[in-house]
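Visitor: give me the fold of what follows.
(one chain, ligands or ions: 2)
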Amino acid sequence: MASTVVNPGLEGIVVGETVLSNVEGDVGRLTYRGYDIHDLAEHATYEEVVHLLLFGRLPTYQELLDLKARLVARRSLPSGVVAMLHAVPRDAWPMDVLRTGVSAISHFLPHRPDGSHDTNIDAAIDLVAKFPTLVAVWDRLRRGLEPIAPDSTLDHAANFLWMRSGERPIPAAEAALDTYFILLADHSYNASTFSARVTASTGEDIYGAVAAAVATLAGDLHGGAPSKVMTMLEEIGLPEKAEPYVRALLGRGEKIMGMGHREYKIRDPRAAHLERMAKNLTEKSHTKWYLIARALEDASNAVLAEVKPGKPIYANVEFYTAPTLASLGIPSDEFTCTFACGRIAGWSAHVLEQVAHNRLIRPQATYVGPAVHPYEPIAARNARGNGAASGGAGSYN
Ligand SMILES: CC(=O)SCCNC(=O)CCNC(=O)[C@H](O)C(C)(C)COP(=O)(O)OP(=O)(O)OC[C@H]1O[C@@H](n2cnc3c(N)ncnc32)[C@H](O)[C@@H]1OP(=O)(O)O
Ligand SMILES: O=C([O-])CC(=O)C(=O)O
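Guide: Ligands and ions are numbered 1, 2, ... in the order given. I've put the predicted structure just below:
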């Protein structure tokens, strides 16, 4: 029998096409619809990037005003969703609550989305607008505080900070979060986006596809990493302790979170912006996180070159996310939710793209279970006892 090549992680397998973003891992370049992430991070706003991803081009001034007005109009959650959140135990994990919240929003829609382009665009705007509100409302409820209503005079990033704290953010904080959302807005066929596309490919609506994406983002190998980076920074405590910490961690066979990437063979291009923001914000807030993170990256690069020679393991987007978001006053168990508030633009745009060119996504697996064998009546199974099934257990290569 001809042997089949099994590729469980789909490394290097091209499963689709996209016009939305391009990750050039060897040279460390990321572009959204042809615009370099460095240009967007330096010059654009998140709302402009949302327009770019959803409508195919950067907006004119009037188009930007129209999009902002649509976003502002959709920020508030249905009262039924807020009532549901009141019933959630306060120690629930914020990403679990976000996943449930996305699903809950769809219960209160006047109609189920019909899958048309216009309905999906409208739903995408609804989701981009409501994600920060969901995260901020849960942040306050779990702290025993009443939610704060969105402020229609504030832009997207500033309003998120406002709804969490009830204070007008300083310009540096607003600018940093806006840039963070831009950097995280899309990243080709990453795991959570792929998950959204798989779900959309079955004909499920955008709310279901996005709920699947939120669940996929939550894991430590993907969007869950920055909370673990924060844990490392806290455990290290002082920059000079970074190297022994890294040696001990690798000695136990563990991974350094925020390091390594499936696509990037050099440092993630987004890390430079996050590092700059982390440095700037931690200086302003007089915290030590940037200095520890910098020492940790240096120690990781040095020790990994020794213990994993030839393996390209460098800082990814999550590494300096930790000190950046911590300096904005965001607790580490809300980092992944904050990531999702940026990525919702990309997820939505990918769902629109999937729907427009849909083909059911359904790969194959090689069966390695027991060979075909007859059904055994329960009396025969009892007589045999609880040992191995009669056909054998099968085996992985
Ligand atoms: C937004 C994002 O999703 S960015 C990614 C966020 N995730 C993290 O930061 C978690 C830490 N990093 C990792 O686990 C990995 O680098 C991944 C999952 C992101 C990508 O890795 P993969 O392409 O699957 O490579 P894989 O995990 O097989 O690693 C290849 C080798 O590099 C090593 N390696 C990869 N990343 C790390 C790391 N962070 N620390 C230590 N070793 C690492 C592996 O141990 C493995 O070594 P081996 O061949 O000696 O066994
Ligand atoms: O592309 C990936 O595998 C992970 C990533 O960096 C992202 O989703 O931003």
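
Visitor: apart from its neighbours in sequence, what residue is nearest His107?
Guide: With Cβ to Cβ, 6 or more residues apart in numbering as the criterion, His107 has its nearest non-adjacent residue at 7.1 Å, and that residue is Gly80. C-beta: built from backbone N, CA, C; applies to glycine.

Visitor: could you measure from the one you found over to ligand 1?
Guide: Plainly put, Gly80 is 32 Å away from ligand 1 if you go by Cβ to the nearest ligand atom, to the nearest Å.

Visitor: now do Leu85
Guide: Distance of Leu85 to ligand 1, computed by Cβ to the nearest ligand atom: 26 Å.

Visitor: one more: Ala87?
Guide: Taking Cβ to the nearest ligand atom as the measure, Ala87 and ligand 1 are separated by 31 Å.

Visitor: ok, now Leu217?
Guide: According to Cβ to the nearest ligand atom, Leu217 stands 8 Å off from ligand 1.

Visitor: residues contacting that residue?
Guide: With contacts defined as Cβ atoms under 8 Å, 6 or more residues apart in numbering, Leu217 is in contact with Met95, Ala191, Ser192, Gly223, Gly224, Thr336, Phe339, Ala340, Arg343.

Visitor: can you put these in JSON lines and add distance to ligand 2, pLDDT and neighbour count?
Guide: Shown next, in JSON lines, are the contacts of Leu217 (distance: Cβ to the nearest ligand atom, whole Å; pLDDT from 0 to 100; neighbours: other Cβ atoms under 10 Å):
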{"residue": "Met95", "distance to ligand 2": "15", "pLDDT": "98", "neighbour count": "24"}
{"residue": "Ala191", "distance to ligand 2": "6", "pLDDT": "98", "neighbour count": "18"}
{"residue": "Ser192", "distance to ligand 2": "7", "pLDDT": "98", "neighbour count": "26"}
{"residue": "Gly223", "distance to ligand 2": "7", "pLDDT": "98", "neighbour count": "28"}
{"residue": "Gly224", "distance to ligand 2": "12", "pLDDT": "96", "neighbour count": "18"}
{"residue": "Thr336", "distance to ligand 2": "11", "pLDDT": "98", "neighbour count": "28"}
{"residue": "Phe339", "distance to ligand 2": "8", "pLDDT": "98", "neighbour count": "27"}
{"residue": "Ala340", "distance to ligand 2": "11", "pLDDT": "98", "neighbour count": "27"}
{"residue": "Arg343", "distance to ligand 2": "7", "pLDDT": "98", "neighbour count": "27"}
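
Visitor: quick check: the two most widely separated of the residues you listed?
Guide: When the contacts of Leu217 are compared pair by pair using Cβ to Cβ, the farthest-apart members prove to be Met95 and Ala191, with a separation of 14.4 Å.

Visitor: domain map for this protein?
Guide: Following the assignment in automatic domain parsing, the chain carries domains at 21-222+331-356, 225-325.

Visitor: out of the ones you listed, flag the one nearest Gly9.
Guide: For the domains of the chain, the distance to Gly9 is smallest for domain 225-325, at 7.6 Å, taking Cβ to Cβ.

Visitor: interface residues of the stretch 101-250 of the chain facing ligand 1?
Guide: For the stretch 101-250 of the chain, the residues in contact with ligand 1 under the definition Cβ under 6 Å from any ligand atom are Leu221, His222, Gly223, Ala225.

Visitor: which one of these sits closest to ligand 2?
Guide: Of all these, His222 has the smallest distance to ligand 2: 6.1 Å, by Cβ to the nearest ligand atom.

Visitor: how about the residues of the stretch 251-397 of the chain near ligand 1?
Guide: Applying Cβ under 6 Å from any ligand atom, we find that the stretch 251-397 of the chain lies next to ligand 1 at 255-262, 308, 311, 313, 316-318.

Visitor: so which of the residues you listed is the most crowded?
Guide: Going through these with other Cβ atoms under 10 Å as the criterion, the one with the most neighbours is Glu318, at 28 neighbours.

Visitor: tell me the SS of that residue?
Guide: In terms of secondary structure, Glu318 is coil; the call rests on DSSP: H, G, I helix; E, B strand; the rest coil.

Visitor: tell me the pLDDT at it?
Guide: pLDDT recorded at Glu318 is 98.

Visitor: and what of the one 10 residues further on?
Guide: Leu328 is assigned 95 on the pLDDT scale.

Visitor: just checking, it touches Ala172?
Guide: No. At 9.7 Å, Leu328 and Ala172 do not qualify as touching, with contact defined as Cβ atoms under 8 Å.

Visitor: okay, the two: which has more neighbours?
Guide: Looking at Leu328 and Ala172 with other Cβ under 10 Å, you find the greater number of neighbours at Leu328, namely 23 against 15.

Visitor: name the nearest residue to the more buried one, ignoring sequence neighbours.
Guide: In space, and not counting its chain neighbours, Leu328 is closest to Ala173: 5.6 Å by Cβ to Cβ, 6+ apart.

Visitor: the one you found: neighbour count?
Guide: For Ala173, the neighbour count with other Cβ under 10 Å is 22.

Visitor: any idea which element it lies in?
Guide: Secondary structure assigned from DSSP states H and E places Ala173 in helix 171-184.

Visitor: summarise which helices and strands that helix is packed against.
Guide: Other helices and strands packing on helix 171-184, by 3 or more Cβ pairs under 8 Å, 6 or more residues apart in numbering; DSSP states H and E, are helix 37-43, helix 46-55, helix 156-165, helix 269-285, helix 321-327, helix 335-356.

Visitor: which of the ones you listed is buried the deepest?
Guide: Compared across these, helix 321-327 shows the largest average neighbour count, a mean of 28 (mean count of other Cβ atoms under 10 Å).
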